[in-house]
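Novice: please find the sequence and the predicted model below.
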Amino acid sequence: MSAAEGPLVVGVDSSTQSTKVLVVDAATGQVVASGQAPHTVSSGDGRESDPRQWWDALCAALQQCGEAAHEAAAVSIAGQQHGLVTLDAQGVPVRPALLWNDVRSAPQARRLVEELGGPKVWAQRTGSVPGASFTVTKWAWLAEHEPEAARSTAAVRLPHDYLTQHLTGEGTTDRGDASGTGWWASTTEAYDEETLAHVELDPALLPRVVRPGEVAGTVRDSHDLPFSKGTLVAAGTGDNAAAALGLGLRPGTPVLSLGTSGTVYAVSRHRSADPTGTVAGFADARGDWLPLACTLNCTLAVDRVASLLGRDREAVESGTSVTLLPYLDGERTPNLPNASGLLHGLRHDTTPGQLLQAAYDGAVHALLGALDLVLDQDADRTTPLLLIGGGARGTAWQQTVRRLSGRPVQIPEARELVALGAAAQAAGLLTGEDPAAVARRWRTADGPVLEAVERDEATLNRISGVLSDAAPLLERGTRTP
């Protein structure tokens, strides 16, 4: 391990598929140690994980970091958003967590929107119109389908809350992750009593919302992690808010993240309230706002198409008029929770490489369609689009985003931006700095810029036309009752 110039901090990214840990020099941003361990997610109609495996994965990843983790002065945990974690009176999970990409609560989402005033009222109150991803809809689904589990629940947590509580013994969350529940009002920055009463959720079961810059607690001694007792624990946050910290985002800079899900977002000084539900008006982890649009189908869906075709994910070919909407898990943007994949325009001369390129185009289309809604009206449209996430290193993803956006595209060289954002939040506890300023000091957003090319309007219009024409089919889906 290289000698550190400043104190060491730990940043954690507990994502859908794995937990990643970075030990970072708070002075320079140098990563001095890292670790990673996998999770499992159920298949079928539901998407569930046992929260206890997240803790086991965190332990395993930290052990890989060796002595560096023991020397850390502060730690922060970022995690996948929206997931419903239900705990009994002893803090043991009542059942597996319902994850963000579990769409079984789509009927409850529609019903909640209607029963509490409609989309405009929801957007004004919470900043978002809840879909099946939101935690409030998952609680409503649980209460309806597994009432005994709901009655046995003594605490409700989000994934990052669950891990933070294991460290500190205290139930806490932050405004960024709380804003994705559907029961936190962006107008008041507090839990919404009317919503909670409507879904019969006692607010006493919810964690305390820790303010930006506030210490959530300290590491207790009743655990098996290589932290010193008394190590500071930051509030943590959701994965997208952490990535925004990790990039040191300033208002007006757009981000497109290519992971299990696809997201596009930007920091804003203004609270968002989109009644169409396309943009979720999330809070960020600093005190500003993070309007965001999310798709369920991104890198995994395109990789699945590549696998079905027997091709490498980079083996794309241009020159096609085929349209592929890769909605393999239903979809969130557009809001089509029952949809499946759709292929249109197949010809005798269509090649496998062209089909694969069509999958890329379909995955990127919805995200870019939401980009203008995410950005403030006065944002500079020539600002490079920051491309992050697992797909950002792929040439096919880079060129597809570049061609369909018509914008310059910048690929930050720093990796694991969610964990880096958590580390910057932990460093801010020690230095008193804004975590985004810490990340800018670490120069995490530096990277090559691909120049803008002419926007491929023909492809965008073709996909939009197919999506519009096929709407009834996509809304009906293929699931049997």
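Specialist: Cool, the structure landed. Numbering: from 1, shown residues only.

Novice: so how far is stretch 180-200 off the chain centroid?
Specialist: When distances are taken as Cα atoms, centre = their mean, to the nearest Å, stretch 180-200 is centred 20 Å away from the chain's centroid.

Novice: same thing with stretch 173-193?
Specialist: Stretch 173-193 has its C-alpha centroid displaced from the chain centroid by 16 Å (Cα atoms, centre = their mean).

Novice: all strands for the stretch 101-250 of the chain, in order.
Specialist: Taking DSSP state E, counting those that start in this stretch as the test, the strands found in the stretch 101-250 of the chain are 155-157, 172-174, 184-185, 190-191, 208-210, 215-218, 232-234, 237-238.

Novice: now distance to residue 318, mean pLDDT and mean neighbour count too, for those, in a markdown table please.
Specialist: Backbone N, C-alpha and C define where each C-beta goes, glycine included. Output for these, formatted as a markdown table (distance: least, Cβ to Cβ, whole Å; pLDDT from 0 to 100; neighbours: other Cβ atoms under 10 Å):
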| stretch | distance to residue 318 | mean pLDDT | mean neighbour count |
| --- | --- | --- | --- |
| strand 155-157 | 47 | 98 | 24 |
| strand 172-174 | 44 | 98 | 26 |
| strand 184-185 | 45 | 98 | 24 |
| strand 190-191 | 50 | 98 | 15 |
| strand 208-210 | 49 | 98 | 18 |
| strand 215-218 | 50 | 96 | 20 |
| strand 232-234 | 46 | 97 | 27 |
| strand 237-238 | 37 | 98 | 35 |
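
Novice: for residue 332, find the nearest of these.
Specialist: Proximity to residue 332 (Cβ to Cβ) singles out strand 237-238 among the strands of the stretch 101-250 of the chain, at 15.3 Å.

Novice: what lies in contact with that closest one?
Specialist: Strand 237-238 is touched from outside by 76, 78-81, 158, 160, 174, 176-177, 180, 245, 282, 285, 421-422, 425, with contacts defined as Cβ atoms under 8 Å, 6 or more residues apart in numbering.

Novice: from those residues, which land in helices?
Specialist: Using DSSP state H, 160, 176-177, 245, 421-422, 425 are the members of those that sit in helices.

Novice: residue contacts, the residue lying closest to residue 18 once chain neighbours are set aside?
Specialist: Computed as Cβ to Cβ, 6 or more residues apart in numbering, the closest residue to residue 18 that is not its neighbour in sequence is residue 38, at 4.8 Å. Residue 38 makes contacts with 17-18, 57, as judged by Cβ under 8 Å, 6+ apart.

Novice: next, the buried residues of stretch 419-437.
Specialist: 419-431, 433-436 (16 or more other Cβ atoms under 10 Å).

Novice: ok, stretch 300-311 next?
Specialist: Neighbour-count burial for stretch 300-311 flags 300-302, 304-306, 309, 311 (criterion: 16+ other Cβ under 10 Å).

Novice: and stretch 342-349, by the same measure?
Specialist: Result for stretch 342-349 [16+ other Cβ under 10 Å]: buried residues 342-344.

Novice: give me the pLDDT for the residue nearest to residue 106 when sequence neighbours are not counted.
Specialist: Residue nearest to residue 106 in three dimensions, not counting chain neighbours: residue 337, with 3.7 Å by Cβ to Cβ, 6+ apart. Model confidence at residue 337, given as pLDDT, is 86.

Novice: residue 225 now?
Specialist: pLDDT recorded at residue 225 is 80.

Novice: who's in contact with it?
Specialist: 58-59, 62, 69, 167, 219.

Novice: distance of it relative to residue 294?
Specialist: 31 Å (Cβ to Cβ, to the nearest Å).

Novice: do residue 71 as well
Specialist: In terms of Cβ to Cβ, residue 71 sits 37 Å off from residue 294.

Novice: so what's residue 43 up against?
Specialist: Residue 43 neighbours (Cβ under 8 Å, 6+ apart): none.
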